[in-house]
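Engineer: predicted model follows, preceded by the sequence.
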Amino acid sequence: MKEQKENEIELEIREHSDADFFPEACPSCKSSNIKRFTYHLREVQDLGTPLICRRIHYERVYFKCNECGEVFTIEHPLVPINARYVPGVIKYAVVRVLEKGDSIRRVTQDLNELHLVKVSETTVQRWINEQGKKEYLPTDLSDEAPPENFSGFLSLDGTFKSVKVKKNDHNLVH
Ligand SMILES: [Zn+2]
């Protein structure tokens, strides 16, 4: 381990490969005569700290059956197919927004600045929409009139606030 200077950001890289889970049999003909065929590398982001940037170098491997010629892949247990972020990053954002009530903007900033995860608000918004479904109110209501049964809860920046707004009031303030 090398000595860490004050405020110097350490890059922590873990390597995962599908080859660590080398398949035992061809999914097509069940032969065990299998070789690596080709691969591509992908960087996957993990939750770091203000001083540790965590990345996974993931090797997606294509295997080939020497008997029947089938080319196939496996699903790595830790890295979902096509994922750019480990599931824990998404879980963190979803819990903060939906359970802790933090705004999407705030959580995005914290991810970028405190956890060294490069992510846009749009992406975090998508995670929330996908995982939160009905629990979530749209972020930007400025162009819409409140619904008829509007209860006085508005989400201006992704947080849930109790505000007193009469219908059409927001047209006057902007
Ligand atoms: Zn085969």
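Structural biologist: Yep, that arrived. Numbering: from 1, shown residues only.
Engineer: gap between the two ends of stretch 76-95?
Structural biologist: In stretch 76-95, first residue to last residue: 25 Å (Cα to Cα, to the nearest Å).
Engineer: mean confidence for it?
Structural biologist: The average pLDDT within stretch 76-95 is 94.
Engineer: can you pull out the strands in the protein?
Structural biologist: Secondary structure of the chain by DSSP state E: the strands cover 10-17, 34-45, 52-65, 71-72, 153-154, 161-162.
Engineer: look up how far residue 14 lies from residue 88.
Structural biologist: Distance, residue 88 to residue 14, using Cβ to Cβ, to the nearest Å: 13 Å. C-beta here means a position set from N, CA and C on the backbone, and glycine is covered the same way.
Engineer: quick check: residues of the protein near the ion?
Structural biologist: Counting by Cβ under 5 Å from the ion, the chain comes close to the ion at 26, 28-29, 31, 65, 67-68, 70.
Engineer: which secondary element of this structure has the worst mean pLDDT?
Structural biologist: Every helix and strand of the chain was ranked by mean pLDDT, DSSP states H and E. The lowest is strand 161-162, at a mean of 39.
Engineer: elements contacting the top helix by length along the chain?
Structural biologist: The single longest helix within the chain, with elements called by DSSP state H, is helix 121-132. Applying 3 or more Cβ pairs under 8 Å, 6 or more residues apart in numbering; DSSP states H and E, we find helix 121-132 packed against helix 87-94, helix 104-113.
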